[in-house]
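Student: Sequence and predicted structure below; questions after.
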Amino acid sequence: ATVTVNPIPNAGTDGTLVICSNATPTDLFLSLGGTPQAGGTWTPALASGTGLFNPAVDTAGTYTYTVVGDAPCGSDTATVSVSITPAPNAGTDGVATFCADSAAADLFTFLGGTPQAGGTWTPALTSGTGVFNPAVDTAGVYTYTVTGTAPCANGTASATVTVNPIPNAGTDGTLVICSNATPTDLFLSLGGTPQAGGTWTPALASGTGLFNPAVDTAGTYTYTVVGGAPCGSDTATVSVTLTPGPNAGADATITLCSNATSIDLFLSLGTSAQSGGTWSPPLASGTGVFNPAFDPAGSYIYTVAGTGTCNSDTATISVNLIAPPDFGLGTITAPNVCQNSAVIVSISGATTLTDGNYTFTYSVTNANPSIGTTATVAITGGNGQFSIPGSYFQTSGSVTISLTAVTALNGNCTSTISTASTTITVLPQPTLSNATVVVAPLCLGEQATVTITGASGLTNGNYTLEYQLTGANTGVFTSIVTFSNGAASFIIPSSDLVNDGTVNLAFTSIISQISSCGNSTLNFTPVTFEVQNPQPPVLTGSTTFCNDSNATLSDLSAQLSGSGTIVWYSSASGGTPLDALTVLQDGVTYYGAVQSSAGCESIRLELTVVLESCTPDDIIIPDGFSPNTDGVNDAFIIQNLLELYPNFTIEIFNRYGNVLFKGNRSNPHWNGRSTEGSVGGGLAPVGVYFFILEFNDGVRAPLQGRLYLSR
């Protein structure tokens, strides 16, 4: 028989393990006593799944190691009692930044994590604690140590301390600098020991602290040095004052005539130039006086020396010398002109003048001013021209124009002229300012005669008159008029007077056909005249008269309305006017016309007279009336009506059948106003109206008729 003897399982003997909470994982197998067999299992199970104890995740307690034997052998166990000692906590590393003048602070507050109190700092601080005082402690790395309990090692963390210096902008300063000095660094004007690298406000043109008096302004400039946190900033100021530098004036160029008198060059530097400077090269005068007889043309530099921070200032005068102009054998000519007209003076033969611009001084006899007047003339090939204004020739007659001097514009050189003159005649300018103009009233279709007298300023002869019509007739026209001793007349044709009414006549210009002198600025007050065209008279009354009244043409005129005098004829045209006292004849036709103040007659109105018996038992009804308040036929009156038919009533209608008026014995006469219904209250217009007359006597039938209203 085969016999197998299995070994007894051996789990070792019980053990203990004391481990720090921050220790690295350790194998519990190493803590068993005896000679335990490998390959057993641990209960409770560890996080590692093996016998590796990790204090960071496994808990303290008793862990059993079991080794299972082969049958029929049983199992063997042993235990390890594990205790965990807490590790010391010094926190995590931190950073502390101080300003050199910051208050003391405990470095413990700068550590990270949750450090334990009671630790120690190395190197030791002056306070003997963890309080850092930047006034006595130095920057560096300070280590905080918390002592551990075995088997735990000590815990440490460090605080890195930085101490930033206090910013120093220096102390306030001043700078007095000349306005033409070279740029200077404001930093140099600060007191104390300022730090470099600060900024200036307001900013300077240089973009740095370089102050340039040519572009920067006087004032207070602030220098700021920004400290490292937690340090603040420090400032200091520089007050800048600008003092004026020397002023030599401005550069200039002058051109002088070679025969000119001496001139002080200083006067050409401008009003700001300071006196007391020096000229280079020196002038013959020993001063700044330039004498063309001794000093050459060229550039002369004027220098005013500087003092202190001021640099010298210079200005340059460039002097050109030219020869005086020579008019030589030049002459002038000018045409005769009309009064108040400009004169063109022509220069010729001045070939000794170089082409260019010149100022000529001239005189004009009988002018105001007569001398000292000038004109600028461009001379080319010895020829040129200039204009003298018409205001110099306000008086007609003979005048002499003379050139007295010529000046070259490019050097102000002047030469006198004694041989250039010409005489011209100033022709009078025609005027109607003193004239009297009359235009008599005329009839439409007639021409108007314009009579002019008192035009004493006109020479005898022919003139072209331009005149303007306004009002009833309009237009601008011309006429050739002959004046003799200030008097003339001309005709306005009837074709220019086609409308009746008021016409205004004004003269707009006059031109002499003798001298061709004209005047288009006449100061003439318009005259007014009438073109008359009377309208024919209108019958507003009756042509029926009593045969025993001995009515005359004057009575017939009273039955008419019209503006003007009414004249009568025995025929439709031609003939001699009848006497107004002519007695009317029954059945005779008379022709009446309105005659105006100018004797103009209207178209004749044809009227046939009826003479009838006018007994008291008959009424007389007029054909019409004219309620125009002229005292004649102002109401529609039926003669004898009140006496014969006291109970009468009358109604008057317009052509639309509307009642305008109702009358009876208390209101017998119609005055031309509508008084009834919707048409009441107004003046009835000119036209034909109708009436119904009720006699109300029980005998006579009502009577209907028409009448004409004229105004």
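Tutor: The structure has been received and is ready for your questions.

Student: Quick check: phi and psi on Val131?
Tutor: phi -80, psi 120 (degrees, to the nearest 10).

Student: pretty sure it is touching Thr109, no?
Tutor: No - if you go by CB atoms under 8 Å, Val131 and Thr109 don't touch, sitting 10.0 Å apart. For glycine as for every other residue, the C-beta is placed from the backbone atoms N, C-alpha and C.

Student: More neighbours: which of the two?
Tutor: Between Val131 and Thr109, Val131 has the larger neighbour count (other CB atoms under 10 Å), namely 15 against 11.

Student: what residues are up against Gly113?
Tutor: For Gly113, the contacting residues are 89, 91-92, 157, by CB atoms under 8 Å, 6 or more residues apart in numbering.

Student: Just the ones of those in strands?
Tutor: Ala157 (DSSP state E).

Student: Please indicate which of the contacts of Gly113 are buried?
Tutor: The neighbour count (16 or more other CB atoms under 10 Å) marks 89, 91, 157 as buried among these.

Student: how many neighbours does Ala248 have?
Tutor: 24.

Student: Please apply the same query to Ala236.
Tutor: Based on other CB under 10 Å, the number of other residues close to Ala236 is 21.

Student: tell me which element it is part of?
Tutor: strand 233-243 (DSSP states H and E).

Student: And Tyr392, its phi and psi?
Tutor: Dihedral angles for Tyr392 - degrees, to the nearest 10 - are phi -80, psi -10.

Student: Relative to Ile510, how far out is it?
Tutor: Distance from Tyr392 to Ile510, counting by CB to CB, to the nearest Å: 23 Å.

Student: what about the two, which has more around it?
Tutor: More crowded of Tyr392 and Ile510, by other CB under 10 Å: Ile510, with 25 against 20.

Student: Pretty sure the more buried one sits against Gly518.
Tutor: Yes - under the criterion of CB under 8 Å, Ile510 makes contact with Gly518 at 6.6 Å.

Student: any shared contact partners between these two?
Tutor: Residues within reach of Ile510 and of Gly518 at once, by CB under 8 Å, 6+ apart, are Pro430.

Student: wait, which of the contacts of Gly113 is closest to Thr361?
Tutor: Thr92 (104.9 Å; CB to CB).

Student: Tell me who's in contact with the closest one.
Tutor: The contact partners of Thr92, by CB under 8 Å, 6+ apart, come to 111-113, 157.

Student: tell me the helices in this protein, going along the chain?
Tutor: All helices of the chain, identified by DSSP state H, fall at 553-557, 641-644.

Student: Need the winner for burial among the ones you listed.
Tutor: Each of the helices of the chain was scored by mean neighbour count; the highest is helix 553-557, a mean of 18, by mean count of other CB atoms under 10 Å.

Student: residues in contact with that helix?
Tutor: Against helix 553-557 from outside (CB under 8 Å, 6+ apart): 543, 545, 549, 566, 568, 578-582, 584, 590, 592, 607, 609.

Student: Just the mean pLDDT for that helix, thanks.
Tutor: Helix 553-557 carries an average pLDDT of 91.

Student: for stretch 217-234, same thing?
Tutor: Across stretch 217-234, the average pLDDT comes to 95.

Student: which parts of that stretch are buried?
Tutor: 218, 221, 223, 225, 227, 231, 234.

Student: Any chance you could list what contacts it?
Tutor: Residues from elsewhere that reach stretch 217-234 (CB under 8 Å, 6+ apart): 97-102, 164-170, 186-187, 190, 194-195, 197-202, 204, 209, 211, 235-242.

Student: Show me which of the residues you listed are buried.
Tutor: Counted by 16+ other CB under 10 Å, the contacts of stretch 217-234 give 97-99, 102, 164, 167-170, 186-187, 190, 194-195, 198, 200, 204, 209, 211, 236-238, 240, 242 as buried.

Student: Looking at the residues you listed, which are in strands?
Tutor: Checking these against DSSP E, those in strands are 97-99, 164, 200, 211, 236-238, 240, 242.

Student: low pLDDT regions in the protein?
Tutor: By pLDDT under 70, the weakly predicted segments of the chain are 368-372, 410-412, 614-617, 677-681.

Student: Would you mind giving the domain segments of it?
Tutor: 15-85, 94-140+159-164, 173-243, 252-322, 331-427, 436-531, 534-614, 617-711 (automatic domain parsing).

Student: out of the ones you listed, which comes closest to Pro7?
Tutor: Among the domains of the chain, if distance is taken as CB to CB, the winner is domain 15-85, at 7.3 Å.

Student: Start and end of that closest one, how far apart?
Tutor: Taking CA to CA, to the nearest Å as the measure, domain 15-85 stretches 17 Å from start to finish.

Student: cool, and stretch 270-278?
Tutor: Start-to-end, stretch 270-278 (CA to CA) is 16 Å.

Student: Over to stretch 132-151?
Tutor: Start and end residues of stretch 132-151 are separated by 32 Å (CA to CA).

Student: what comes up buried for that stretch?
Tutor: 132, 134, 137, 139, 142, 144-146, 148.

Student: Give me the distance from stretch 231-249 to the chain's centre.
Tutor: 42 Å (CA atoms, centre = their mean, to the nearest Å).

Student: which residues sit in contact with the nearest residue to Ile637 once chain neighbours are set aside?
Tutor: In this structure, Ile637 finds its nearest non-sequential neighbour in His669, 5.1 Å apart by CB to CB, 6 or more residues apart in numbering. When contacts are counted by CB under 8 Å, 6+ apart, His669 touches 635-637, 663.

Student: Gln274 now?
Tutor: Per CB under 8 Å, 6+ apart, neighbours of Gln274: 246-249, 304.

Student: what does Thr419 give?
Tutor: Thr331.

Student: With Thr380 instead?
Tutor: Contacts of Thr380 by CB under 8 Å, 6+ apart are Asp355.

Student: how close does it sit to Ile347?
Tutor: For Thr380, the distance to Ile347 - CB to CB - is 10 Å.

Student: correct me, but Asn671 touches Thr629?
Tutor: No - with contact defined as CB under 8 Å, Asn671 and Thr629 do not form a contacting pair (9.7 Å).

Student: out of those two, which sits in the busier spot?
Tutor: Taking other CB under 10 Å, Asn671 and Thr629 do not tie; Asn671 has more neighbours (14 against 9).

Student: Contacts only, for that one.
Tutor: Going by CB under 8 Å, 6+ apart, the list of residues near Asn671 reads 627, 634-636.

Student: if I read this right, Ser83 contacts Cys20, doesn't it?
Tutor: No - the criterion here is CB under 8 Å, and Ser83 misses it with Cys20 at 10.5 Å.

Student: joint contacts of these two?
Tutor: Common neighbours of Ser83 and Cys20 (CB under 8 Å, 6+ apart) do not exist.

Student: Which one's more surrounded, these two?
Tutor: Per other CB under 10 Å, whichever of Ser83 and Cys20 has more neighbours is Cys20, with 18 against 10.

Student: Not counting its neighbours along the chain, what's nearest that one?
Tutor: Cys152 is the one closest to Cys20 (CB to CB, 6+ apart), at 3.7 Å.

Student: and the residue lying closest to Ser512 once chain neighbours are set aside, how far is that from Trp200?
Tutor: Nearest residue to Ser512, sequence neighbours excluded (CB to CB, 6+ apart): Pro430, at 5.1 Å. Note on Pro430: its distance to Trp200, by CB to CB, is 83 Å.
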